[in-house]
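Asks: Predicted model, plus sequence, below.
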Amino acid sequence: MASFLPEIVLTSSPDGPIIAYDPCSGAIIAHFTGSRSPPKGLTLAGKGLIAASHISATGAGSINLYNWWSSAVFNHLPLPEPVAPLAATLDGAYLFAGGLSGHIYSVSLPSGKTIQTFPAHSKSVSCLEINDDGSLLISGSDDGSIVVAPIFQLVATSPDGTCKFWSLPQGLLLRTVALPCPMAGLAIDPTESHFYAAGSDGSIYIGATKSPTRQLTKRNLQVIKWREKHGGPVVSLAMLNQGRNLVSGSEDGNVWIWEVEKGQVMTVLGNEMVSISDLVMARGVANSRGSSSNMGINMEEWREKSGLAARELSRPVRKMEEMKEKLGVAVKDRSRAIDILESAIGAYERLLELILKEAKGGTGNKSGGKERESM
C-alpha cells in the first residue's frame with residue numbers, strides 16, 4: 001500500500017543539485033542531480049513530478065523533469081530560449097515557463113511537447129503563478145506589467161520596494177504597502193490575513209493583507225521586520241504546517257524554518273549549497289515501496305535516518321489504520337451484541353406468552369370450580 005510523506009522542503013540552486021529536506025528533523029532525504037536552476041525555476045507538477053529550469057553552458061533553454069523515486073533526470077525538455085519561472089496545473093498535466101524574451105511557453109507533461117507560445121510581456125518574465133482553483137495563469141515581468149490569462153485577488157512585489165494588492169475582476173489597485181527594500185517573493189498565510197515578504201536585505205517582513213493591525217497602527221508602520229536575518233537576499237518563502245511555520249531560502253545557501261507566532265528561527269536545514277535559487281513545499285507525496293539503489297526518496301530509509309521525527313510525522317497514518325481496525329472490531333462486536341439482545345428479547349417474549357397463557361388457564365379453572373360449587 002502506498003504511504004505518504006506529510007511535508008517536504010525542496011530547494012534548487014544555480015550551483016548544485018535539488019535537495020529535499022525533512023522539515024521536522026532537518027535531515028536531507030534526497031538529492032536530484034543534473035540541474036542548475038535560476039530564480040523561481042522550481043515547481044511541482046501534480047504529486048508525481050518535479051520540474052526545474054536548467055541553465056546550460058551553451059545558453060540553450062530547457063526544463064528537467066524528475067520523479068520522486070530517482071535522483072536522475074528522466075526527461076529533458078528543450079525550449080527555444082532560456083526560461084526561469086515555472087508553474088504547473090493542479091493535476092500536473094501542463095507546465096508553463098517564462099522566457100527571457102517575455103514569451104510564455106505551454107508544455108504538455110510528461111511528453112514535453114510545446115503546445116502554445118504567446119508573447120505576454122516586452123521584457124523577461126520574472127514570476128508565474130496559477131490560482132487556487134487552477135483557472136487563471138498570472139505572470140509578472142521586468143517591464144512592470146502583470147498579465148492574467150483566463151483568477152480573484154493578486155499580490156505582486158516590485159523592484160521599487162512596494163507590495164501591491166489588486167482586484168483582478170475590476171483591475172483595481174486595492175492597496176500599496178511600502179517596504180524598506182526590494183522583495184523577491186511573498187507568502188500569504190492560510191487565513192489570507194497576513195503576508196510575509198522576502199527582503200533583498202536578508203530580512204523577513206510581515207504585514208496585513210487588508211487594513212493594518214492595531215500593533216502596526218500604534219507604531220505607525222506598514223510592516224514589521226523579524227529580528228533574525230539571512231546573510232544574503234531572501235529568494236523564496238513558503239508556508240508550512242498549516243501556517244504555523246514559515247520556510248525561507250537565501251542566496252547564501254541557508255534554509256530556515258521560522259515559528260510564525262514568535263518570529264523566531266526554530267530550525268536551520270543543512271547547508272549543502274553555495275547558493276539557493278528557489279524553494280517549494282511538497283505535500284502528500286505517495287511513495288511506492290521500490291528497492292532500486294537509485295531511489296530519490298525511500299520511505300523506510302527516511303524513517304531510519306530521521307528517527308523519532310519521521311516516526312512522529314507518520315504516526316497519524318498508523319493511528320488511522322489502528323482506528324480503522326478497532327472500528328471494524330467494534331462494529332462486529334456491536335452486531336453480535338445486537339443479535340444476542342434480539343435473541344434474549346425473543347426468549348423473554350415467548351416466556352411472557354407462556355406466563356400469560358398459564359395465568360389465563362389458572363383463572364379459567366378457578367371460575368369453573370366456583371360454578372360447580374354453587375350448583
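Replies: The structure has been received and is ready for your questions.
Asks: give the contact list for residue 234.
Replies: 184-185, 198-200, 202-204, 248-251 (Cβ atoms under 8 Å, 6 or more residues apart in numbering). Glycine gets a C-beta too; all of them are placed from N, C-alpha and C.
Asks: Most neighbours of all these, which one?
Replies: Using other Cβ atoms under 10 Å as the neighbour test, the contacts of residue 234 are led by residue 249, with 31 neighbours.
Asks: Tell me if I'm right that that residue and residue 276 touch.
Replies: Yes: between residue 249 and residue 276 a contact is recorded at 4.4 Å, counting by Cβ atoms under 8 Å.
Asks: Mutual contacts of those two, please.
Replies: 11, 235-236, 255.
Asks: where does this structure dip in pLDDT?
Replies: Flagging of the chain using pLDDT under 70 yields the residue ranges 1-6, 149-160, 166-173, 211-221, 270-274, 284-331, 362-375.
Asks: so where do the helices sit in it?
Replies: Taking DSSP state H as the criterion, the chain carries its helices at 214-218, 299-306, 308-374.
Asks: Return the distance of the residue positioned nearest the centre of the chain relative to residue 130.
Replies: Nearest residue to the geometric centre of the chain (Cα atoms, centre = their mean): residue 283, 4.3 Å. As defined by Cβ to Cβ, to the nearest Å, residue 283 lies at a distance of 16 Å from residue 130.
Asks: could I get the shared contacts of residue 249 and residue 276 as TSV with neighbour count and distance to residue 210?
Replies: TSV is the format used below for these (neighbours: other Cβ atoms under 10 Å; distance: Cβ to Cβ, whole Å):
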residue	neighbour count	distance to residue 210
11	27	31
235	24	27
236	24	24
255	26	30
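Asks: Determine which two of the residues you listed are furthest apart.
Replies: Using Cβ to Cβ, the two most remote members of the shared contacts of residue 249 and residue 276 are 235 and 255, lying 10.5 Å apart.
Asks: Find residues that contact each of the two.
Replies: What both residue 235 and residue 255 touch, as defined by Cβ under 8 Å, 6+ apart, is the set 249, 276, 279.
Asks: residues touching residue 184, list them.
Replies: Contacts of residue 184 by Cβ under 8 Å, 6+ apart are 39, 157, 198-200, 233-236.
Asks: hmm, try it at 10 Å
Replies: Neighbouring residues of residue 184 by Cβ atoms under 10 Å, 6 or more residues apart in numbering: 39-40, 126-127, 157, 159, 197-200, 233-237, 249-251, 278.
Asks: repeat for residue 143
Replies: 102, 120-126.
Asks: Need the buried ones from the residues you listed selected in ChimeraX.
Replies: One line in ChimeraX is enough to select the buried members of the contacts of residue 143, burial here meaning 16 or more other Cβ atoms under 10 Å:
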select :102,120,121,124,125,126
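Asks: Out of the contacts of residue 143, list just those in strands.
Replies: Using DSSP state E, the members of the contacts of residue 143 that fall in strands are 125-126.
Asks: Just flag the most distant two among the contacts of residue 143.
Replies: 122 and 126 (12.5 Å).
Asks: hey, what's the residue lying closest to residue 41 once chain neighbours are set aside bridged with?
Replies: Spatial nearest neighbour of residue 41, excluding adjacent residues (Cβ to Cβ, 6 or more residues apart in numbering): residue 53 at 3.2 Å. Residues in a beta bridge with residue 53, per DSSP bridges, are residue 63.
Asks: and residue 53, what is it in contact with?
Replies: 12, 35-43, 61-64, 77, 79, 82-86, 97-98, 277-278.
Asks: List just the nearest of the contacts of residue 234 to residue 146.
Replies: residue 185 (15.0 Å).
Asks: Touching, the closest one and residue 246? I think so.
Replies: No: under the criterion of Cβ atoms under 10 Å, residue 185 lies out of contact with residue 246, with a separation of 11.7 Å.
Asks: Mutual contacts of the two, please.
Replies: Counting by Cβ under 10 Å, 6+ apart, the residues touching both residue 185 and residue 246 are 196, 237-238.
Asks: Just the ones in strands from these, please.
Replies: Going by DSSP E, the strands hold 196, 237-238 from the shared contacts of residue 185 and residue 246.
Asks: I'd like those laid out as a markdown table, including distance to residue 108.
Replies: Output for those, formatted as a markdown table (distance: Cβ to Cβ, whole Å):
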| residue | distance to residue 108 |
| --- | --- |
| 196 | 34 |
| 237 | 30 |
| 238 | 27 |
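Asks: how about CSV for the residues you listed, with distance to residue 142 and neighbour count added?
Replies: Output for these, formatted as CSV (distance: Cβ to Cβ, whole Å; neighbours: other Cβ atoms under 10 Å):
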residue, distance to residue 142, neighbour count
196, 23, 23
237, 20, 22
238, 23, 21
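Asks: for those residues, which one is nearest residue 335?
Replies: Of these, the one sitting nearest to residue 335 (Cβ to Cβ) turns out to be residue 238, at 47.8 Å.
Asks: quick one, what contacts that closest one?
Replies: Counted by Cβ under 10 Å, 6+ apart, residue 238 has contacts 7, 9-10, 23, 185, 187, 196, 245-249, 278-282.
Asks: 6 Å - rerun?
Replies: 187, 247, 279, 281 (Cβ atoms under 6 Å, 6 or more residues apart in numbering).
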